[in-house]
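Undergrad: here is my input, please return the structure:
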Amino acid sequence: MMTAKEIRDSFKSFFESKGHQIVPSAPMVVKDDPTLMFTNAGMNQFKDIILGNAPAKYKRVADSQKCLRVSGKHNDLEEVGHDTYHHTMFEMLGNWSFGDYFKEEAISWAWEYLVDVLKLNPENLYATVFEGSAEDGLDRDNEAAGYWEKYLPKDHIINGNKHDNFWEMGDTGPCGPCSEIHIDLRPAEERAKVSGRDLVNHDHPQVIEIWNLVFMQFNRKADGSLEGLPAKVIDTGMGFERLCMAMQGKTSNYDTDVFQPMIKAIATMAGTEYGKDAQQDVAMRVIADHIRTIAFSITDGQLPSNAKAGYVIRRILRRAVRYGYTFLGQKQAFMYKLLPVLLDNMGEAYPELKAQQTLIEKVIKEEEDSFLRTLETGIRLLEKTMAEAKAAGKKEISGVDGFTLYDTFGFPLDLTELILRENGMTVNEEEFKAEMQKQKERARNAAAVETGDWIVLNEGETNFVGYDYTEYETSILRYRQVKQKNQTLYQIVLSDTPFYAESGGQVGDTGVLCSEFETIEIIDTKKENNLPIHIAKKLPEHPEAPMMACVDTDKRAACAANHSCTHLLDEALRQVLGTHVEQKGSLVTPDSLRFDFSHFQKVTDEQLREVEHLVNAKIRENVPLQEYRNLPIEKAKELGAIALFGEKYGEEVRVIQFGNSIEFCGGTHVSATGKIGMVRILSESSVAAGVRRIEAITGEKVEQLIDKFQDTMTDLKALFNNVPDLRVAIRKSIEENAGLKKQVEEFMKEKAASLKNDLIAKAKEINGVKVIKTVAPITADVAKDIAFQLKGEVSGSLLVVIGSVDAGKPMLTVMLSEDLVKNGLKAGMLVKEAAKLIQGGGGGAPHFATAGGKNPDGLLSAVDKVIELAGL
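TA: Numbers count the residues shown, from 1 in each chain. Coordinates of the predicted model:
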C-alpha cells in the first residue's frame with residue numbers, strides 16, 4: 001500500500017516526466033489579491049498568467065498546493081468532521097498548461113496516471129462532461145466526450161449541468177467546461193445492486209469526485225456574454241486526501257495515514273478510542289482537520305484576530321476547541337500539544353512548519369486559553385437566560401438570545417441546543433435562522449462590488465519603472481468602472497508606471513496623470529493579480545491621449561524612509577534580542593511605520609532605547625543602498641538575504657542591502673540611510689502570543705515630535721516659574737498636593753461625623769419609623785458612607801434620605817432598615833420614581849439605592865417624594 005508521501009511524490013514525478021516544471025506550493029494565505037483571503041484552489045497562484053497580466057515562464061507546470069475552503073463560494077466548514085471527505089485545509093495536486101496542450105493530453109495523462117501508474121481499477125471510474133447550455137449558446141462538450149470514449153464505455157461518461165461541469169473563476173473572467181473524474185469505492189456487492197453511474201454527484205460518501213479537469217477556453221464579460229480566450233488553459237485539481245483514501249482502500253479520508261496519526265494522538269489525550277462513539281469521532285475528526293489549517297495559516301503569517309482572514313482562522317480554532325470541550329472533556333488548552341504529531345506527519349513536505357513551531361504553539365495556546373474563558377462566560381450567560389425563561393414559565397429561549405451566544409461567544413447553535421436539552425429546554429430555531437440571514441445580508445451588502453468590463457484601448461502589459469523614476473511618459477492600456485458602497489471609482493491600467501502598487505506592507509503611491517488636456521488625480525495604487533491598478537475618482541475625457549504619470553514625491557520619499565527604517569529596525573532587533581526575531585508583518589505609510597516581529601516577552605525600555613540608538617547610528621553613517629534586481633534566488637540566499645515566511649518568491653528576486661541588513665524586498669527605499677533623518681520609537685506592544693509590535697516615526701515627523709515636546713517642556717517650566725530643576729519642582733508640588741488632599745479628607749471625615757450626629761439628633765419618628773433626611777453639599781461617596789453609618793448606629797425601623805450636590809450635579813441616596821425591606825419597601829423603586837424630580841434616574845439593591853440627575857432645584861422635592869412613596 002502506497003503511503004501519502006509516496007502518492008504525492010508519484011504525482012510530481014509523473015508530470016515531470018511529461019515536461020512539467022514542478023513548482024512549490026504558494027502560501028495558503030493570500031496577500032495581494034483583493035478577491036481572496038485564502039488560496040482555495042491550485043490555480044490561484046497562476047491567476048495573473050491566466051488573466052494575461054503576466055507571461056508564463058513555463059508552459060507546463062505541476063505542484064501540490066495547500067488550500068483552504070471555509071467561506072464564500074466554497075463554504076465547507078460546517079460539514080467538516082461530520083462526513084468522510086470534506087476538509088478546511090486540503091492539498092490539491094494539479095497540472096497546468098498555458099497555451100500548450102489542451103483536452104486530449106489532459107484526459108490521456110489523467111487516465112495514464114490513475115490506471116497505469118496507480119493501478120486503480122478502470123471499471124470503478126466515471127467521467128462527467130459538460131452537457132451544454134442554451135442560455136450561453138454552448139453545445140455539449142463532444143470533444144472531451146470523444147477523448148474519454150477511448151478509455152471508458154459510454155455508460156461511464158455522464159453529462160453534467162452548468163453547475164457541476166462549467167467552471168468559472170468569478171462573475172467575470174476566464175471560464176470553460178470541465179470534466180470530473182469520479183471513483184466508486186463501494187464493495188462489489190453494493191456495486192452489483194446499484195450502478196455507480198446513478199450515484200455520481202449525489203453526495204454518496206463512497207462515490208466521489210477525485211479529479212477535475214478544467215478546460216478554460218472562454219472569458220465571461222460583465223454583461224454575462226462569452227468570448228473566446230486567445231490562449232487556452234488547462235487547469236486540473238485532484239484532492240490529495242481523497243486520492244489517498246482510494247489508494248489505501250479506505251472508506252473515509254480520516255482513515256488514511258494523512259489523518260490517523262493525529263486522530264490516535266487526540267484519542268490518547270482524551271482517554272478514548274476512535275470508532276467507539278459517533279459524537280466523539282466527529283470531534284476527533286474536526287480537531288484533526290482544524291489543527292492543520294491553524295498551524296499552516298500561522299506559518300504563512302496569518303494570526304487569529306477579529307478581522308477578515310484572521311477572524312476565519314479564529315473561528316476554525318474555536319470550533320475545534322469547542323468540540324474538544326463538549327465531547328472530549330478538554331477543559332484546558334490541548335490543541336497546541338498536538339503540533340509535534342503534525343510535524344512528524346507533514347514536516348518533511350512543508351519544512352516551514354518546523355521552523356515556526358515555537359510561535360505556532362504559543363499562538364494556539366493563548367487562543368485556546370482565551371476562548372475557554374469566553375466559553376465559561378457564555379455558559380454563565382446561557383444559564384442566566386435559561387433561569388429567566390423558566391421564571392417566566394417558558395421552556396424555550398429566543399433565537400435572538402441564541403444568536404447573541406453564537407455571534408459574541410462563538411457558541412454554534414448545536415452547542416446551545418445541547419446545553420438547553422440537558423436542562424429540558426429548546427431554542428427558537430426560526431428566529432435564530434432569521435438573525436443569521438440578517439447578518440449574512442449585512443456582510444453581503446458591505447462587500448458588494450459592481451465591476452464593469454475592461455475597456456481596452458491598447459494591448460500590452462504594464463512596465464513598472466518606479467524604482468528609477470517618479471515621472472514617466474505613459475498611455476492608458478485599459479480601464480473599468482467599479483461601484484462599491486455608493487461610490488463610483490475608476491481603475492486604470494497604464495503601459496508604463498512609476499506608481500508603486502500597495503504590497504509588502506507599503507501603501508500605494510498617489511499622484512496625478514497629466515495630458516495636454518487635463519490632470520486626473522490618482523488617489524491610490526493597488527495590486528490585483530500582480531497587475532498595478534491606478535484608482536481615480538474620474539476618468540480622463542481624452543483617455544487615448546499620451547500622458548505623464550507623476551508620483552507625489554513627498555509622500556513617496558516619506559514612505560521610502562519609513563520602509564528602509566523597517567529594515568534597519570529588523571537588523572537592530574536581531575542584534576539586541578537575538579536571531580530568533582523574524583518579521584511577522586509591517587505597515588509603511590508616509591506618516592509612520594509599524595513592524596511586527598516574533599519575540600516571546602515584552603521588550604524592555606532599555607532594550608528599546610538600545611535598538612533605537614543602533615538604528616540612528618546606522619542613519620548617521622549614511623550607509624548607501626545596494627540593490628540587486630532579478631537576482632537568482634539561490635544567489636540571494638548566498639548573500640544571506642532574509643526571506644519572510646508566508647511569501648511566495650519567484651526564481652529571481654530583488655534584494656535590498658544597507659550594510660549588514662540584507663532582505664528580499666520589492667518596496668521603495670532611500671538611496672542612503674542618511675535620508676531617513678532620524679527614528680523615534682513611539683510604542684511597543686503585544687499583537688498575539690509570541691508576536692510584538694513596534695510603532696515608530698522618522699524624519700520630519702520626529703522633528704515635529706521634538707518641537708511638540710520642547711513646547712510642552714517650556715509651558716511646564718513657565719507653570720513653575722521657570723525653575724532650573726523642573727523634576728524637583730514637580731515632585732515637591734505632588735507631595736504638597738498629597739498633603740493637602742489628606743487634610744481635606746480629614747476635614748471631610750470630621751464634617752461627615754458632625755453631619756451624622758446632627759442628623760441623628762434631628763431624626764423624626766413617623767408611624768414607628770425613624771426618618772432621617774437632609775440636603776447637603778457633599779459627595780456621593782460621603783453620602784453613602786453616612787447612610788451606612790446611620791444604619792449601623794440607629795436601632796429599629798429606619799429610612800435615610802440624603803440629597804447631595806457635587807460639582808453641580810444632584811444625587812439621591814436612600815437607605816432602608818432590613819425590617820422595612822421585609823415589609824415590601826424597595827430602595828431601588830423609591831429612588832427611581834423620586835429621581836424624576838431631578839430629571840434623572842437610578843436604582844440599586846432593596847436596602848440601598850442611589851440616583852443621579854440634572855436639576856439640583858428639584859432635590860428637596862425629591863427627598864420629600866421618597867418619604868411620601870414610603871407611606872410616611
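Undergrad: which SS state does residue 330 fall under?
TA: Put simply, residue 330 is coil when judged by DSSP: H, G, I helix; E, B strand; the rest coil.
Undergrad: nearest residue to it other than its sequence neighbours?
TA: residue 324 (3.7 Å; CB to CB, 6 or more residues apart in numbering). C-beta coordinates here come from the backbone N, C-alpha and C atoms, glycine included.
Undergrad: element containing that neighbour, please.
TA: In this structure, residue 324 sits in helix 308-327 according to DSSP states H and E.
Undergrad: the least confident helix or strand in the chain by mean pLDDT pairs with which strands?
TA: Within the chain, no helix or strand scores below strand 449-451, which has a mean of 80 by mean pLDDT, DSSP states H and E. Sheet pairing for strand 449-451, assigned by DSSP bridges, gives strand 476-484 (antiparallel).
Undergrad: pull up the pairing partners for whichever helix or strand comes after the strand it pairs with, direction included.
TA: Once strand 476-484 ends, the next helix or strand along the chain (criterion: DSSP H and E) is strand 487-494. Neighbouring strands of strand 487-494 in its sheet, by DSSP bridges, are strand 476-484 (antiparallel), strand 531-536 (antiparallel).
Undergrad: quick one: contacts of strand 487-494?
TA: Residues outside strand 487-494 that contact it (CB atoms under 8 Å, 6 or more residues apart in numbering) are 454, 462, 474-483, 513, 522, 531-539, 547, 549.
Undergrad: ditto for stretch 313-326
TA: Contacts to stretch 313-326, defined as CB under 8 Å, 6+ apart, come from residues 70, 77, 81, 88, 270, 282-283, 286-287, 290-291, 293-294, 297-298, 302-306, 330-331, 334-335, 364, 367-368, 371-372, 375, 410-412, 415, 418.
Undergrad: and for stretch 163-172?
TA: 35, 47, 50, 128-131, 133, 141, 159, 175-180, 201, 212, 214, 216, 220-222, 235, 451, 453.
Undergrad: you'd agree residue 863 is up against residue 803?
TA: Yes. Contact criterion CB atoms under 8 Å: residue 863 and residue 803 qualify, at 4.6 Å.
Undergrad: show me where the stretch 401-550 of the chain has helices.
TA: Remark: helices assigned in the stretch 401-550 of the chain by DSSP state H, counting those that start in this stretch are 413-422, 429-447.
Undergrad: tabulate these (TSV), appending mean pLDDT, mean neighbour count and distance to residue 638.
TA: What follows is the helices of the stretch 401-550 of the chain, written out as TSV (pLDDT from 0 to 100; neighbours: other CB atoms under 10 Å; distance: least, CB to CB, whole Å):
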stretch	mean pLDDT	mean neighbour count	distance to residue 638
helix 413-422	83	16	53
helix 429-447	83	12	44
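Undergrad: now the ones you listed in TSV, please, with extra columns for distance to residue 556.
TA: Below are those laid out as TSV (distance: least, CB to CB, whole Å):
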stretch	distance to residue 556
helix 413-422	51
helix 429-447	31
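Undergrad: tell me the buried residues in the helix or strand where residue 608 lies?
TA: Under the criterion of DSSP H and E, residue 608 resides in helix 605-621. Neighbour counts over helix 605-621 (16 or more other CB atoms under 10 Å) mark 608, 610-612, 614-616, 618-619 as buried.
Undergrad: closest to residue 784 out of those?
TA: Set against residue 784, the nearest of the buried residues of helix 605-621 by CB to CB is residue 608 (44.4 Å).
Undergrad: ok so, going back, and the strands paired with strand 487-494: which comes nearest residue 579?
TA: For residue 579, the closest of those is strand 531-536, at 35.2 Å, according to CB to CB.
Undergrad: run through who's touching the closest one.
TA: So strand 531-536 is in contact with 48, 51, 53-54, 462, 464, 489-494, 497, 499, 501, 513, 520-527, 549, going by CB under 8 Å, 6+ apart.
Undergrad: same question, stretch 54-62
TA: Applying CB under 8 Å, 6+ apart, the external contacts of stretch 54-62 come out as 11-12, 15-16, 18-23, 46, 48-49, 93-101, 461, 530-531, 650-651.
Undergrad: do you know how far the most centrally placed residue in the chain is from residue 104?
TA: Closest to where the C-alpha atoms of the chain average out (CA atoms, centre = their mean) is residue 310, at 1.9 Å. To residue 104, residue 310 is 45 Å away according to CB to CB, to the nearest Å.
Undergrad: same check, this time on residue 153
TA: 19 Å.
Undergrad: count of neighbours near residue 308?
TA: By other CB atoms under 10 Å, 10 other residues sit near residue 308.
Undergrad: the one 5 residues further on now?
TA: By other CB under 10 Å, 28 other residues sit near residue 313.
Undergrad: what does residue 314 give?
TA: By other CB under 10 Å, the residues close to residue 314 number 20.
Undergrad: and it, how far is that from residue 808?
TA: As for residue 314, its distance to residue 808 is 47 Å (criterion: CB to CB).
Undergrad: same thing with residue 690?
TA: Residue 690 is 51 Å from residue 808, where distance means CB to CB.
Undergrad: parallel or antiparallel, list what pairs with the helix or strand harbouring residue 219.
TA: Taking DSSP H and E as the definition, one finds residue 219 inside strand 207-220. For strand 207-220, the paired strands and their directions (DSSP bridges) are strand 173-184 (antiparallel), strand 226-239 (antiparallel).
Undergrad: buried ones in it, by neighbour count?
TA: For strand 207-220, by 16+ other CB under 10 Å, it's 207-220.
Undergrad: got any ranges where the protein has weak pLDDT?
TA: In the predicted model of the chain, residues 32, 34-35, 71-76, 446-448, 645-646 satisfy pLDDT under 70.
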